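Q: Sequence and predicted structure below; questions after.
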Amino acid sequence: MSTTDENKTVARTFYEAYNGGDLQGAFDTYISQDLVNHTNGGAMNRELWMQSDLAAKVAMPDQTMTILGQAADGDTVFTHWILQGTHTNSEFFGIPASGRATRLEAVAVDIVRNGQIVEHNAVGDFSAFMTQLTGQ
């Protein structure tokens with residue numbers, strides 16, 4: 001059984017991989033193959049989440065993840081974060097590189113069991129993030 005602090009460390013270590021670390025490796029280590037992803041109504045399974053975030057990292061090579069705070073209750077970890085970057089490198093979700101700055105602030109609610117995130121839900125304004133990419 002994991003402690004609350006260990007569960008927070010799992011989530012923090014995963015999110016910190018967005019800062020130039022091995023994001024693919026972080027998914028492999030910290031995200032369960034059987035992940036249930038509730039974000040955006042459950043539209044993304046583990047593979048789609050990983051592929052979209054890896055593509056974002058390529059499209060916005062200067063992206064940074066800032067963790068503003070964390071709290072936990074047993075196996076549930078709440079992480080408040082901001083992801084920022086500049087869309088300078090490649091197409092992302094069909095949007096050509098624009099040079100526009102992006103900022104997404106969200107709270108992730110993760111269920112951690114046996115050292116892996118088994119359920120994930122990020123609550124943020126993903127529509128506003130996409131609007132920043134298009135400028136419309």
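A: In hand now; what should we look at?
Q: just the strands in this structure please.
A: Counting by DSSP state E, one finds strands in the chain at the ranges 31-37, 64-73, 76-86, 101-113, 116-124.
Q: And the contacts of the shortest one?
A: Read that as strand 31-37. 14, 42, 44-46, 49-50, 113, 116-121 (Cβ atoms under 8 Å, 6 or more residues apart in numbering). No exception for glycine: its C-beta is placed from N, CA and C like everyone else's.
Q: Just the buried ones from these?
A: The neighbour count (16 or more other Cβ atoms under 10 Å) marks Phe14, Met44, Arg46, Trp49, Met50, Gln116, Ile117, Val118, Glu119, His120, Asn121 as buried among those.
Q: For Ala59, which non-adjacent residue is closest in space?
A: Counting by Cβ to Cβ, 6 or more residues apart in numbering, Ala59 lies nearest to Phe92, which is 3.8 Å off, once chain neighbours are set aside.
Q: The one you found bridge partners, please.
A: Beta-bridge partners recorded for Phe92 (DSSP bridges): Ile95.
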